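In: with the input below, show me the fold.
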Amino acid sequence: MTSRTLSIGGSTYPLVLPTIRDPRLHVAAVIITIHVFGQVGLHFRVSVPQILAAILTCAIIEVVLTFRQTRSIVWPASAMLTGSGVALILRVVGTPPDDPWNTYGWYVFAAVAGLSLLTKYVIRYRGSHVFNPSNIGLVLAFVILGSTRVEPLDFWWGPLDAWMIAAYAVIIGGGLLITRRLHLLALAATFWVGLTVGVGILAGSGHCMTANWAFAPVCGVDFWRVIVTSPEVLIFLFFMITDPKTVPAGRVGRVVFGLLVAIASTLLIAPQTNEFGTKVGLLAGLVVVCAARPILDRLLPEPRSAADDFRGFATRFAIGGGTGTGAVRGALRIGVVGFAVLALGVGIVAAGSPARGFVAPDTTEALDTVPHQIDPATFPAITVTQEVSDWNHEIDAAGAQQLLMTLGENLEIENQALLRRDPGLLTAVDHGDRLADMQGRLERAAATGTTVVAHYQFDSVNVTLLVPFGVQTGLSLGFESRGTLTEETHDASGAVVSRQTSPFAQTFAIRQATGGRWLNVSVLPLGDTD
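Out: Prediction:
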């Protein structure tokens, strides 16, 4: 810090500014660069006013509290890092996409950032704060407000294009330089290796999660790859768990701390079935281990002492400091460690049982009992937007025609479900909002004895990508369609009593919500994909 003076109302106060060598400025440069990338090229669902609300709230609180304590005006470098960290991870559900100047939910960012900073002053141990402020504030916000109001930044940001390559370069390059300078690289590396192994155990057991950016549940190797290469995980390990004020000061303590955070995060991730819970589990692992840090400080070697050497610590642990009885004790310790590792692996697998193998129901038998075949010769030419091809190269014109075939079959099976009063057929082809809507129609048809079914003749179809916001419904394909709709009304005996034909313009949304058949998830007016 550099010290100057500032005169206000005839009084002079010390003015403390950071120096160019302050590592907090280097961290800020990385985070701000990612914010810029997010606004310009990565399409982050966060606006500039939301980001500023978080940063300015923290800055104002820090300046006021510091002035009251020291009668000095201090540049709030740490507080602004807290605010920018909150704004980088936090998302308010319903924020309009690609609208960088909207003010929607700015007060949520201000409140979460303010709460995060205040924990630094309220929860303290040995003269320093216990928790990383942005970390505990975010976890509290996600747990209290829930996934219908807020959510964390996605694990997967987008296809590996120039923007993503630049983001990885900034995060990894800046993170390595900063953690190396602060002597925290071993902590970060230990965490990443531990998380890689833990998530690998989960993935090998068949773990799955649903995600907004995926058409189908993310399982197995894909789940492992997404987690260990996620930019959000890299930000977490380089700029959140490596807060010098909240980690042990000793070299041994830092390695143990990183490993424990990896274990805690893996165990909290294990039972989660969706991305929201998985991300909160990751962040909460740090909260748990920070809370246990006073215990770690008592069990681990004194910082900068002769015993604070990891190789020596491991050797002494293994051989017990000598031969004879010491060697026996060392062997027993190794045996205990081996048993603990095995128990931990079994515990991870057991904890992940709720999220193991989203096995799609076998609907073949049910679907074979009803006529639903569609003649592809009746389909019009299909166009596919570039963003669909960028997201999934397999969905070209031919692939889109196969999916349109599935959509058409699903629509006809919906009709059969209504006419046969068979809710099982609906669950075979519908999911989410569409399933709830069709189940309501089925109940009304059963109550009134009158059933209305819809037959669609497609004249034009354009396949688009429907990226959700407002609710966590998941990434879907949108079939923007125009054509002719024929509605038939059937009486209780099944006879057609009326028929009405009209043009339609609708977007049919489908996704592999259960990992198997593409299911109808929503039907929207054309142009309304929110």
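In: how about the strands of the stretch 1-150 of the chain, start to end?
Out: Ranges of strands in the stretch 1-150 of the chain, per DSSP state E, counting those that start in this stretch, are 2-8, 11-17, 73-74, 90-92, 124-125, 128-129, 150-152.
In: what's the average pLDDT for the second one?
Out: Within the predicted structure, the mean pLDDT of strand 11-17 is 80.
In: centre-most residue in the chain?
Out: Closest residue to the average C-alpha location of the chain: residue 154 at 3.7 Å, with Cα atoms, centre = their mean.
In: in space, what's closest to that residue - neighbours in sequence excluded?
Out: residue 213 (5.8 Å; Cβ to Cβ, 6 or more residues apart in numbering). Just so you know, the C-beta spots here come from the backbone N, C-alpha and C atoms, and that holds for glycine as well.
In: next up, the contacts around the one you found.
Out: Under the criterion of Cβ atoms under 8 Å, 6 or more residues apart in numbering, the neighbours of residue 213 are 154, 156, 467, 475.
In: what does residue 139 give?
Out: Taking Cβ under 8 Å, 6+ apart, one finds 280, 283, 284, 287 in contact with residue 139.
In: where along the chain do the strands fall?
Out: Along the chain, counting by DSSP state E, strands occupy 2-8, 11-17, 73-74, 90-92, 124-125, 128-129, 150-152, 208-209, 218-219, 382-384, 451-466, 476-490, 496-511, 519-525.
In: which one of those strands lies closest to residue 273?
Out: Each of the strands of the chain was scored for nearness to residue 273 using Cβ to Cβ, and the closest is strand 208-209 (6.1 Å).
In: what sits up against that closest one?
Out: The contact list for strand 208-209, computed with Cβ under 8 Å, 6+ apart, reads 217-220, 223, 272-275, 277-278, 355-358, 515.
In: filter those to the buried ones?
Out: Among those, those buried by neighbour count (16 or more other Cβ atoms under 10 Å) are 217-220, 223, 272-275, 277-278, 355-356, 358, 515.
In: and the residues you listed, which is the shakiest by pLDDT?
Out: Pick the lowest pLDDT in the buried ones among the contacts of strand 208-209 and you get residue 358, at 56.
In: give me the number of residues near residue 162?
Out: The local packing of residue 162 (other Cβ atoms under 10 Å) involves 8 other residues.
In: longest helix anywhere in this protein?
Out: Ranked by residue count under DSSP state H, the longest helix found in the chain is helix 325-351.
In: is it true that residue 482 touches residue 503?
Out: Yes: under the criterion of Cβ atoms under 8 Å, residue 482 makes contact with residue 503 at 7.2 Å.
In: more neighbours, those two?
Out: residue 482 (15 against 10).
In: give me the distance between that one and residue 405.
Out: Noted for residue 482: a distance of 18 Å to residue 405, by Cβ to Cβ, to the nearest Å.
In: list the contacts for residue 48?
Out: 39, 100, 101.
In: what residue ranges in the stretch 351-500 of the chain score low on pLDDT?
Out: 357-377, 468-474 (pLDDT under 70).
In: what's the neighbour count on residue 197?
Out: Residue 197, neighbours per other Cβ under 10 Å, totals 16.
In: check residue 380 too.
Out: Neighbours of residue 380 using other Cβ under 10 Å come to 14.
In: ditto for residue 34
Out: As a burial measure, residue 34 scores 24 neighbours (other Cβ under 10 Å).
In: now do residue 444
Out: Look at residue 444: counted by other Cβ under 10 Å, it has 13 neighbours.
In: now swap in residue 12 and tell me
Out: 9.
In: quick check: closest non-adjacent residue to it.
Out: residue 5 (5.0 Å).
In: ok, the one you found touching residue 14?
Out: Yes: using Cβ under 8 Å, residue 5 makes contact with residue 14 at a distance of 6.0 Å.
In: between those two, tell me which one has more neighbours.
Out: Each of residue 5 and residue 14 has its neighbours counted (other Cβ under 10 Å); residue 14 has more, 13 against 10.
In: what's near enough to touch the more buried one?
Out: Residue 14 neighbours (Cβ under 8 Å, 6+ apart): 3, 4, 5, 6, 70, 71, 72, 73.
In: go again using 10 Å as the cut-off
Out: Applying Cβ atoms under 10 Å, 6 or more residues apart in numbering, we find residue 14 in contact with 3, 4, 5, 6, 70, 71, 72, 73, 74.
In: what distance separates stretch 151-159 from the centre of its chain?
Out: Distance, stretch centre to chain centre, for stretch 151-159: 6 Å (Cα atoms, centre = their mean, to the nearest Å).
In: try stretch 200-218
Out: Remark: stretch 200-218 is offset 12 Å from the chain centroid, using Cα atoms, centre = their mean.
In: start to end distance for it?
Out: Criterion Cα to Cα, to the nearest Å; first-to-last residue distance in stretch 200-218 is 14 Å.
In: list the buried ones in that stretch?
Out: Using 16+ other Cβ under 10 Å as the test for burial, stretch 200-218 gives 200-203, 205-218.
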